[in-house]
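> quick one, what's the 3D model for this:
(one chain, ligands or ions: 2)
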Amino acid sequence: MTLHAHFGEILHYLPDGRPEYFSDGLLLVDEDSGTIIECTAAQSRPDLPDHIRQTRHPNALLMPGFIDSHCHYPQIDIMASYGEQLLDWLNQYTFPAEAEFADAAHARAVAEFFLDELQNAGTTTAMVFATSHPQSADAFFEAARARNMRHICGKVLMDRNAPAALLDSARSGYANSKTLIERWHNQGRLKYAVTPRFAITSTPEQLASAGKLLAEYPGVYLQTHLAENHAEIDFTATLFPERKSYLDVYEHYGLLGATSTFAHGIHLNDAERRRLGDSGSQIAFCPSSNLFLGSGLFNLSASRALCGVSFASDIGAGNSYCMLATLAAAYQVCQLQGYALSAHEAFYSITQGNAQSLRLDAHIGNFNTGKEADFIALDWQATPLLARRTARCRSLEEKLFALMMLGDDRAVKATYIAGKKV
Ligand code: GUN
Ligand code: ZN
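Ligands and ions are numbered 1, 2, ... in the order given. Predicted coordinates:
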């Protein structure tokens with residue numbers, strides 16, 4: 001064991017959502033195993049042996065690393081592309097950018113840049129779309145493995161309604177996904193997600209093959225998009241006239257389940273939310289993306305009452321990969337519907353809550369003994385404005401709220417992956 005004692009203000013969330021806070025805390029980490037030994041009040045361990053390495057984090061808050069439950073690494077170069085809603089945005093900006101990932105060297109370079117940016121923003125785990133090229137998934141997994149990061153990724157399945165350069169077939173998509181699952185799922189900290197882009201870009205045969213993969217590999221994830229935009233929903237209805245609803249398309253092909261994540265889910269009724277909940281599936285709430293593409297206002301409280309919900313950046317339709325910006329957008333989306341998202345619900349959601357939604361809470365999400373030591377130091381005084389604003393706050397909750405509304409990646413002073421500073 002190589003112990004490292006981190007002293008500072010510490011906040012994390014217990015599985016039931018309650019915060020545990022130490023104004024003067026100790027986070028004791030084993031750098032060899034990359035796990036947490038103990039999280040406690042500093043005064044309870046006055047007798048730490050001198051040989052243990054010690055780091056003090058003044059004016060900083062130690063928290064578990066942020067988790068992003070839905071994003072697209074190949075879209076980092078088209079963030080902030082002007083003027084379109086979902087289907088035109090895909091055709092005009094997204095598909096041409098994704099076509100460049102046929103080139104494995106390009107994919108590797110973008111994967112490194114993306115992971116650098118995630119680390120700078122304090123995001124230590126994400127569930128990520130690659131492109132339809134198997135080499136784009138290999139590039140991401142190789143980069144994540146070299147950094148010893150915990151991530152979920154998958155090659156996109158799409159065999160219709162997109163440029164030829166991006167199309168696979170039901171048969172090749174199935175075979176390539178199988179190879180990637182066997183190469184990467186549960187390799188170290190990595191997991192695989194079967195990734196049909198959405199119902200519009202997959203034939204019934206391809207959706208059936210996605211369901212087959214899930215049945216053949218229990219524990220493998222499923223990620224796709226659902227009910228984001230009205231034109232998307234209408235087009236889906238014309239492609240699958242025999243199905244009752246958009247959600248019913250996915251259900252028919254066996255894609256719902258405890259490790260299934262449906263991005264957006266804005267335009268759903270309560271019966272559909274309940275169906276998601278009953279199957280153990282969850283919705284990834286992507287507020288900055290929904291505002292950017294004009295997709296609509298996700299109803300967080302109505303959804304959370306009936307199914308699992310996680311928080312996500314959805315870059316590149318989202319306009320920041322920083323989860324603090326995601327929280328700021330989430331607050332505003334909720335305000336427009338008369339719900340005031342609290343700072344504790346917000347920070348729980350992007351740490352322990354997202355870990356639970358992604359079924360990764362045995363490994364990450366909080367500082368309980370044995371969890372993997374992915375954590376960050378957040379600087380209350382990162383900018384002159386944050387310093388002034390947080391100096392006036394009378395409670396932790398007020399400070400956290402100021403941080404989520406005013407903070408950005410400058411507030412992330414340090415990021416640790418499996419106990420090591422990056
Ligand atoms: N629906 C299908 N593909 C995409 C995508 O890349 N981004 C978003 N926001 N929605 C999608
Ligand atoms: Zn997406």
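> low-confidence ranges, this structure, go.
Counting by pLDDT under 70, not a single residue of the chain qualifies.
> kindly recompute the last result at 90.
45-47, 50 (pLDDT under 90).
> so what touches stretch 288-295?
84-86, 89, 228-229, 264, 266, 296-298, 312-315, 317-320, 325-326, 329, 332-333 (Cβ atoms under 8 Å, 6 or more residues apart in numbering). Any C-beta I mention is one placed from the backbone N, CA and C, and that applies to glycine too.
> of those residues, which belong to helices?
Here DSSP state H is the test, and the contacts of stretch 288-295 give Leu86, Trp89, Ala325, Thr326, Ala329, Gln332, Val333 as lying in helices.
> who wins on neighbours among the residues you listed?
Of all the ones in helices among the contacts of stretch 288-295, Thr326 has the most neighbours under the rule other Cβ atoms under 10 Å, reaching 31 neighbours.
> and that residue, what does it touch?
Asp68, Cys286, Pro287, Ser288, Phe311, Ala312, Ser313, Gly318, Ser320, Ile350.
> equivalent analysis for Ser44, please.
Leu26.
> of all the ones in helices among the contacts of stretch 288-295, which comes closest to Ala199?
Closest to Ala199 out of these is Leu86 (13.2 Å), distances taken as Cβ to Cβ.
> can I assume that closest one is in contact with Glu228?
Yes - using Cβ atoms under 8 Å, Leu86 makes contact with Glu228 at a distance of 5.9 Å.
> most neighbours, which of the contacts of Thr326?
Going by other Cβ under 10 Å, Cys286 tops those with 34 neighbours.
> list the contacts of the closest residue to that residue other than its chain neighbours.
Excluding the flanking residues, the one nearest Cys286 by Cβ to Cβ, 6 or more residues apart in numbering is Asp314, at 3.6 Å. Asp314 makes contact with His70, Cys71, His72, Ala263, His264, Ala284, Cys286, Ser288, Ser289, according to Cβ under 8 Å, 6+ apart.
> out of those residues, grab the one that's most surrounded.
Most neighbours among the contacts of Asp314, by other Cβ under 10 Å: Cys286, with 34 neighbours.
> which stretches of the stretch 151-300 of the chain form helices?
Along the stretch 151-300 of the chain, the stretches classed as helices by DSSP state H, counting those that start in this stretch are 170-184, 204-216, 230-239, 246-252, 270-279, 287-292, 300-304.
> okay, the ones you listed, which one's buried deepest?
Ranked by average neighbour count under the criterion mean count of other Cβ atoms under 10 Å, the helices of the stretch 151-300 of the chain are headed by helix 287-292 at a mean of 24.
> of the contacts of Asp314, which belong to strands?
His70, Cys71, His72, Ala263, His264, Ala284 (DSSP state E).
> ok, the last one touching His70?
What that stands for is Ala284. Yes - between Ala284 and His70 there is a contact under Cβ under 8 Å: 3.7 Å.
> all strands of the stretch 251-400 of the chain, in order?
Secondary structure of the stretch 251-400 of the chain (DSSP state E, counting those that start in this stretch): strands at 260-264, 282-285, 308-311, 375-379.
> got those strands as CSV, with distance to Ser395 columns?
CSV is the format used below for the strands of the stretch 251-400 of the chain (distance: least, Cβ to Cβ, whole Å):
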stretch, distance to Ser395
strand 260-264, 34
strand 282-285, 26
strand 308-311, 23
strand 375-379, 16
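> mind checking which of those strands is nearest Leu11?
strand 375-379 (9.0 Å).
> what sits up against the closest one?
Counting by Cβ under 8 Å, 6+ apart, 6, 8, 27, 57, 59-66, 122, 124, 367, 386, 403, 407, 410-416 sit against strand 375-379.
> using a markdown table, lay out the ones in strands among the contacts of Asp314 together with distance to Ala139.
Formatted as a markdown table, these follow (distance: Cβ to Cβ, whole Å):
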| residue | distance to Ala139 |
| --- | --- |
| His70 | 19 |
| Cys71 | 16 |
| His72 | 14 |
| Ala263 | 22 |
| His264 | 26 |
| Ala284 | 23 |
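> relative to Ala258, how far out is the closest residue to ligand 2 within the stretch 301-422 of the chain?
Closest contact between the stretch 301-422 of the chain and ligand 2, by Cβ to the ion, is at Asp314 (4.6 Å). For Asp314, the distance to Ala258 (Cβ to Cβ, to the nearest Å) stands at 22 Å.
> equivalent analysis for Ala105, please.
Distance from Ala105 to Ala258, by Cβ to Cβ: 37 Å.
> looking at those two, which one has more neighbours?
Legend: neighbour count by other Cβ under 10 Å for Ala105 and Ala258, higher for Ala258 (14 against 9).
> so what are the domain limits for the chain?
3-64+365-421, 66-357 (automatic domain parsing).
> which of these sits most buried?
Buried most deeply of these, by mean count of other Cβ under 10 Å, is domain 66-357, with a mean of 21.
> just how off-centre is it within its chain?
9 Å (Cα atoms, centre = their mean, to the nearest Å).
> quickly check: that domain near ligand 1 or not.
Yes - Domain 66-357 reaches ligand 1 (Cβ under 6 Å from any ligand atom) through His72, Leu86, Leu90, Thr94, Arg197, Phe198, His225, Glu228, Ser289, Asp314, Ala317.
> just name the closest of the ones in strands among the contacts of Asp314 to ligand 2, please.
Ala263 (4.7 Å).
> against Pro241, how distant is the closest one?
For Ala263 relative to Pro241 (Cβ to Cβ), the value is 24 Å.
> okay, Gln43 and ligand 2: tell me how far apart.
Distance of Gln43 to ligand 2, given as Cβ to the ion, to the nearest Å: 46 Å.
> helix, strand or coil for that residue?
Following DSSP: H, G, I helix; E, B strand; the rest coil, Gln43 is assigned to helix.
> do Gln92 as well
helix.
> what's the answer for Gln54, then?
strand.
> element containing the nearest residue to it once chain neighbours are set aside?
Leaving aside its chain neighbours, Gln54 sits nearest to Ala5 (4.7 Å; criterion: Cβ to Cβ, 6+ apart). Take DSSP states H and E as the rule and Ala5 turns out to sit in strand 3-13.
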